[in-house]
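A.B. asks: What follows is a predicted protein model with its sequence.
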Amino acid sequence: MSITAIVGANWGDEGKGKLTDALAAAADIVIRFQGGANAGHTIVNQYGKFALHQLPSGVFHSHVVNVIGNGAVFSPENFRDELAALEQAAVPRPRLLLSERAQLVMPYHKLFDAYEEQRLAGRSFGSTRSGIAPAYADKFAKTGFQLCELLEADSYLADKAAAVCAVKNTLLEHLYHQPLLDPAAVAATLREYRELLKPYIGDSFAYLHQAVREGKRILLEGQLGALKDVDFGIYPMVTSSNTIAAYGAVGAGLPPGHIGRIIAVVKAYSSAVGGGEFVSEIFGEQADELRKRGGDGGEYGATTGRPRRMGWLDLVASRYGVRVQSATEVAFTVLDALSYLPQIPVCVAYEIDGEQTTDFPATPRLKKARPVLKVLEGWNCDIRGVSDYHKLPQAAREYIEFAERFIGVPFSSIGNGPRREHVIRR
Ligand code: GDP
């Protein structure tokens, strides 16, 4: 079984990027199978520090073929900018394959994202305004562009641009009261994209089908986390795609039975961006302190720079996330950020309407949930640089093992610092 998936069990930003970067070194192919340029992996390596929004994490390894799967929505502008950033940092030119069936994120998708947020005002989704939801909406309304359409004749592009603009302009005029789209300008943009993307567009299904037959080592790289999954997450405050490993079979066209190893990344505390339910959330100074110490240089959005919402480890949500991912193992990350705490609360149940539950409910019940906290002992010393599990302070091991027992899936690695080598294998 040659396919491994790395996916998030929480709200995203669990530290998947670092792990993927490390595992990509041993892979032949790394695939982004869902989402777009709305989330970011932060990767620190010998070339510098990078926020990858859309490119797969294998781009730092010249032997890896990096695939954007058919399940993704793809922004040519972000692609161009990210490639330029790599070039500037002297990263060797990555090998890339863009699925001919992936959907285009058009500039008007970004506009519609912003207009809709404005229209919703106080009830907005906290979108990153990168056009992801409008692009997926068009995919399912069958008014989107697959990348392969860019390779069609100019007249085809002009006709389709005109048809799409007719619908978009009705909304722009009557719902959003914004300037209308010019079909000729949209067609011109499509022709520019053709020039930029032609060298990379291909039949990724056929390529991956063959790769599986040849036993190539394939890595599926998830974006965001289980709690942002459009079906299983905190709907409607979710992303517009499925963030679960199973979707790798759809979003890349891989045989489901071959996804044999599923690593769910669980962070040792919680963070979230945007609105939505977050039962173990903390506020004020307590949150500021954890935010400052989290991740690499604080918990701020890799794409937006927004301060993330903070909370204690939520074992109810994390176990659900791990189950939704069908994880075969857990990577437990950013344990080092908790080292300043003498005692560490963790959420072990929800109280809903006066009753306790350890099952993660759908949104209407989740809104009523209050965290039931258990306080564990802290270790109160620096654990970065420890590479042997048994050399961790006893309280740190007890914290890890408490979470592992609750979640019920083996923790195969512990992250204790932002760098690639800051990982303890078990
Ligand atoms: P992703 O979207 O899941 O890849 O998460 P990000 O990479 O955006 O966020 C994780 C942040 O934590 C990044 O800044 C990483 O460099 C950093 N990070 C990852 N693992 C660890 C860890 O074990 N300890 C610390 N301190 N930072 C980590």
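C.D. replies: On my side now, so go ahead. Numbers count the residues shown, from 1 in each chain.
A.B. asks: Return the residues in contact with residue 260.
C.D. replies: Shown in contact with residue 260 (Cβ atoms under 8 Å, 6 or more residues apart in numbering): 1-4, 328. In this view, the C-beta of every residue, glycine as well, is placed from N, C-alpha and C.
A.B. asks: Where do the helices of the stretch 151-300 of the chain begin and end?
C.D. replies: Using DSSP state H, counting those that start in this stretch, the helices of the stretch 151-300 of the chain run over residues 154-171, 183-197, 204-213, 247-252, 284-293.
A.B. asks: Redo those helices as a markdown table? Include mean neighbour count, mean pLDDT and distance to the ligand.
C.D. replies: Output for these, formatted as a markdown table (neighbours: other Cβ atoms under 10 Å; pLDDT from 0 to 100; distance: least, Cβ to the nearest ligand atom, whole Å):
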| stretch | mean neighbour count | mean pLDDT | distance to the ligand |
| --- | --- | --- | --- |
| helix 154-171 | 16 | 97 | 31 |
| helix 183-197 | 16 | 98 | 25 |
| helix 204-213 | 16 | 97 | 22 |
| helix 247-252 | 23 | 98 | 16 |
| helix 284-293 | 15 | 96 | 8 |
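A.B. asks: mind putting these in a markdown table, distance to residue 114 included?
C.D. replies: Listed next are the helices of the stretch 151-300 of the chain as a markdown table, based on distance: least, Cβ to Cβ, whole Å:
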| stretch | distance to residue 114 |
| --- | --- |
| helix 154-171 | 13 |
| helix 183-197 | 17 |
| helix 204-213 | 31 |
| helix 247-252 | 26 |
| helix 284-293 | 27 |
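A.B. asks: Which of the contacts of residue 260 fall within strands?
C.D. replies: 3-4 (DSSP state E).
A.B. asks: For the contacts of residue 260, work out which two are farthest apart.
C.D. replies: 2 and 328 (14.3 Å; Cβ to Cβ).
A.B. asks: and which of the contacts of residue 260 is nearest to the ligand?
C.D. replies: Distance to the ligand across the contacts of residue 260 (Cβ to the nearest ligand atom) is lowest for residue 4, with 15.6 Å.
A.B. asks: Quick check: chain neighbours aside, which residue is closest to the closest one?
C.D. replies: Using Cβ to Cβ, 6 or more residues apart in numbering and skipping the chain neighbours, the partner closest in space to residue 4 is residue 261 (4.3 Å).
A.B. asks: is it true that the one you found touches residue 327?
C.D. replies: No. Between residue 261 and residue 327 there is no contact under Cβ atoms under 8 Å: 9.3 Å.
A.B. asks: Which one of these two is surrounded by more residues?
C.D. replies: More neighbours surround residue 327 than the other of residue 261 and residue 327, with 25 against 18 (other Cβ atoms under 10 Å).
A.B. asks: contacting residues for the more buried one?
C.D. replies: 7, 9, 245, 262-264, 409.
A.B. asks: who does the nearest residue to it once chain neighbours are set aside bridge with?
C.D. replies: Leaving aside its sequence neighbours, residue 327 sits nearest to residue 264 (Cβ to Cβ, 6+ apart; 3.5 Å). Beta bridges link residue 264 to residue 7, residue 330 when assigned by DSSP bridges.
A.B. asks: ok, back up a step: export the contacts of residue 327 to TSV and append columns for pLDDT, distance to the ligand and neighbour count.
C.D. replies: Formatted as TSV, those follow (pLDDT from 0 to 100; distance: Cβ to the nearest ligand atom, whole Å; neighbours: other Cβ atoms under 10 Å):
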residue	pLDDT	distance to the ligand	neighbour count
7	97	9	32
9	98	10	30
245	97	14	27
262	98	15	24
263	98	12	26
264	98	11	32
409	98	18	20
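A.B. asks: which secondary structure element contains residue 51?
C.D. replies: Assigned by DSSP states H and E, residue 51 belongs to strand 48-52.
A.B. asks: Who are the packing partners of that strand?
C.D. replies: In terms of contacts (3 or more Cβ pairs under 8 Å, 6 or more residues apart in numbering; DSSP states H and E), strand 48-52 is packed against strand 41-45, helix 76-88.
A.B. asks: Any stretches of the stretch 1-150 of the chain with poor pLDDT?
C.D. replies: Applying pLDDT under 70 to the stretch 1-150 of the chain flags residues 1, 40.
A.B. asks: Sketch out the helices for it, chain order is fine.
C.D. replies: 16-24, 76-88, 107-120, 132-140.
A.B. asks: outside of the first one, which residues touch it?
C.D. replies: Counting by Cβ under 8 Å, 6+ apart, helix 16-24 makes contact with 4, 6-8, 30, 40-45, 52, 56-58, 60-61, 64, 219, 221-222, 263, 265, 331, 333, 413, 415, 418-420, 423, all of which sit outside it.
A.B. asks: Mind doing that once more with 6 Å?
C.D. replies: Contacts of helix 16-24 with the rest of the structure, by Cβ atoms under 6 Å, 6 or more residues apart in numbering, involve 6, 8, 30, 41-43, 57-58, 61, 64, 219, 221, 265, 331, 420.
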